[in-house]
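Visitor: this is a predicted model, with the sequence first.
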Amino acid sequence: MLTIDRVFICLLISSHIYCILGSFNVALNKPTWQSSTYAGDVSSRAVDGNNNQYYSGGSCAITQNHINYNWWCVDLKQSFDISSVKIFNRADDENCPDGFYGTNCNIRCPANCTNNICGKMIGSCSNGCQGDLYGSRCEFACSTRCKNGKCNARTGTCTGCKDGSYGDVCEFACSTNCQDDKCDRKTGKCTGCKDGYYGDLCEESCPTCNGSCRQLDGVCLTGCKDGYWGCNGLCLQTCSYCNTGGCRIEDGVCHNGCQVGVNNTKCFNSPT
């Protein structure tokens, strides 16, 4: 708050409050406050005239971790024309030895971080996770249905599914009629159907086909079973009047004539 006889400066910073110094330090040893204090790193350190940027120098004011809104204030005690404010951030945040993190670099990274490397402030596994784990600290196991046990290190989404499964974490089972138990990873649509079935999920049957049928529409690919025909390839018409050998798929004409006693225009050499 600016008044006739003093200037009151507040700095609002998203994570931590550090050291402050100007070209001519009008803030030197003036009264200070901050939103919280971490491990005895009091607000007055920011204006003590020591701009050592390493924590070990004991000159940085630091607020608590995991707080979304932090502030630091100084009362300059009188009016000044302020030309600039200089903030010295800590220089050792990113210089912890591999395997450690924290303000004093004395906390071990989570055991499952790749290459034993983690973020220096909160210990998140910055290089991903070892093996079949995921999470910011690699604390969760990937789904057992993930192909090769692999999943996204942040979200746990499987990079692929084992045969017979689909979904983000392979939580759904493919249709039992999918050929070789394989289906689309996202939709569950079968990549092919077992003989006798068709449809996206191979849920429709084509029992009159002599073998497999087309997945899209059920058209028989290798002809009809004896006793069936259909000009559209669906083999839905019967030709039970034929002798052995069935009939032509396109028109129902018997290959080997009619059964004894049957007179039908679709039979060759029909008995009289």
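Guide: Thanks, I have it.

Visitor: mind listing the strands for the stretch 1-150 of the chain?
Guide: For the stretch 1-150 of the chain, applying DSSP state E, counting those that start in this stretch gives strands covering 8-13, 19-21, 32-34, 70-75, 86-88, 100-101, 107-108, 133-134, 140-141.

Visitor: so what's the residue nearest to Asp195 when sequence neighbours are not counted up against?
Guide: Nearest non-adjacent residue to Asp195, counting by CB to CB, 6 or more residues apart in numbering: Ser212, 4.7 Å away. For every residue, glycine as well, the C-beta is placed using N, CA and C. Ser212 makes contact with 193, 195-196, 220-222, according to CB atoms under 8 Å, 6 or more residues apart in numbering.

Visitor: backbone torsions only: list them for Ser212.
Guide: With angles defined as degrees, to the nearest 10, Ser212 sits at phi -90, psi 160.

Visitor: tell me where the model's unsure across the chain.
Guide: Scanning the chain with the threshold set as pLDDT under 70 gives 1-23, 54-56, 65-68, 90-95, 268-272.

Visitor: walk me through the domains of it.
Guide: The record assigns the chain these domain ranges, following automatic domain parsing: 8-88, 224-272.

Visitor: return the set of buried residues in stretch 249-259.
Guide: Buried residues in stretch 249-259, counted by 16 or more other CB atoms under 10 Å: 249, 252-254, 257-259.

Visitor: contacts for it next, please.
Guide: Contacts with stretch 249-259, where a contact means CB under 8 Å, 6+ apart, come from 220, 223-224, 229-231, 233, 235, 237, 239, 241-248, 264, 266-271.

Visitor: please apply the same query to stretch 109-118.
Guide: Stretch 109-118 is contacted from outside by 98-101, 123-131, 133, 137-139, using CB under 8 Å, 6+ apart.

Visitor: please redo it, this time with the cut-off set to 10 Å
Guide: 96-102, 107-108, 119-120, 123-139, 153 (CB atoms under 10 Å, 6 or more residues apart in numbering).

Visitor: can you say which of these are buried?
Guide: Neighbour-count burial (16+ other CB under 10 Å) applied to the contacts of stretch 109-118 gives 96, 100-102, 107, 119-120, 123-125, 128-130, 132-138, 153.

Visitor: what sits against Gly227?
Guide: Contacts for Gly227 (CB under 10 Å, 6+ apart) come out as 208, 235, 237-242, 246-247.

Visitor: gap between it and Gly233?
Guide: 16 Å (CB to CB, to the nearest Å).

Visitor: how about Gly252?
Guide: Distance of Gly252 to Gly233, given as CB to CB: 13 Å.

Visitor: and for those two, which residues touch both?
Guide: Common contacts of Gly252 and Gly233 (CB under 10 Å, 6+ apart): Cys224.

Visitor: Val219: neighbour count?
Guide: Val219 has 16 neighbouring residues, counting by other CB atoms under 10 Å.

Visitor: same check on Gly57?
Guide: With other CB under 10 Å as criterion, Gly57 counts 15.

Visitor: wait, it sits on Asn51?
Guide: Yes. Using CB atoms under 10 Å, Gly57 is in contact with Asn51, at 9.1 Å.
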